[in-house]
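>>> Quick one, structure for this:
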Amino acid sequence: MATYTVNPGGLKHARRLIDARQYVLDSDWGEVQPRADDENAYLERHSWEEYAAWHLGLTEGASDETKARYAFVCGDFRRVHRTALIACVYRASEWRHKEIELAAHDLLQHLDRVSG
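Modelled structure (predicted):
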């Protein structure tokens with residue numbers, strides 16, 4: 001099983017988007033989460049640093065500037081999705097990635113406070 005560390009840039013980016021009210025409160029994450037084609041299209045127009053900012057986790061041992069390096073996506077490359085944060089909490093909890101779970105949970109709580 002892969003191990004992950006928290007991506008500080010991803011946390012900062014997500015918090016900044018939440019504070020700027022760039023979020024979706026109700027979505028079907030299974031339908032709107034970025035697919036491989038969406039990721040490839042995003043990478044054609046953006047840097048790896050910008051791509052990384054959409055992920056809460058970094059895969060230990062994976063090379064930088066590869067999709068395998070970045071995990072726990074929290075948005076659709078435009079806005080943070082509340083359902084994405086819930087999915088991150090759930091998936092991290094399920095596989096016992098405690099740091100990721102807590103980071104996603106904190107963002108979810110922040111989003112709920114901001115969105116009132």
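>>> Now do the helices in the protein.
8-19, 29-32, 36-45, 48-52, 82-94, 98-115 (DSSP state H).
>>> how far out from the middle of the chain is the shortest one?
Averaging C-alpha coordinates over helix 29-32 and over its chain gives two centres that are 13 Å apart (CA atoms, centre = their mean, to the nearest Å).
>>> List the buried residues in that helix.
Going by neighbour count (16 or more other CB atoms under 10 Å), the buried part of helix 29-32 is Trp29, Val32. For every residue, glycine as well, the C-beta is placed using N, CA and C.
>>> which helices and strands does it pack with?
Using 3 or more CB pairs under 8 Å, 6 or more residues apart in numbering; DSSP states H and E, the elements in contact with helix 29-32 are helix 82-94.
>>> before we move on, what about the fifth one?
Identification of packing neighbours for helix 82-94 by 3+ CB pairs under 8 Å, 6+ apart yields strand 23-24, helix 29-32, strand 70-73, helix 98-115.
>>> Tell me which of these sits nearest to Asn7.
The closest of the helices and strands packed on helix 82-94 to Asn7 is strand 70-73. By CB to CB, the value is 7.3 Å.
>>> Quick check: mean pLDDT of the closest one?
Here strand 70-73 scores 98 as its mean pLDDT.
>>> what's the answer for stretch 37-45, then?
Computed over stretch 37-45, the average pLDDT equals 98.
>>> Buried residues, it. List them.
Within stretch 37-45, the residues scored as buried using 16+ other CB under 10 Å are Glu39, Tyr42.
>>> Now do it: everything it contacts.
Here stretch 37-45 makes contact (CB atoms under 8 Å, 6 or more residues apart in numbering) with Pro34, Glu50, Tyr51, Lys67, Asp76, Phe77.
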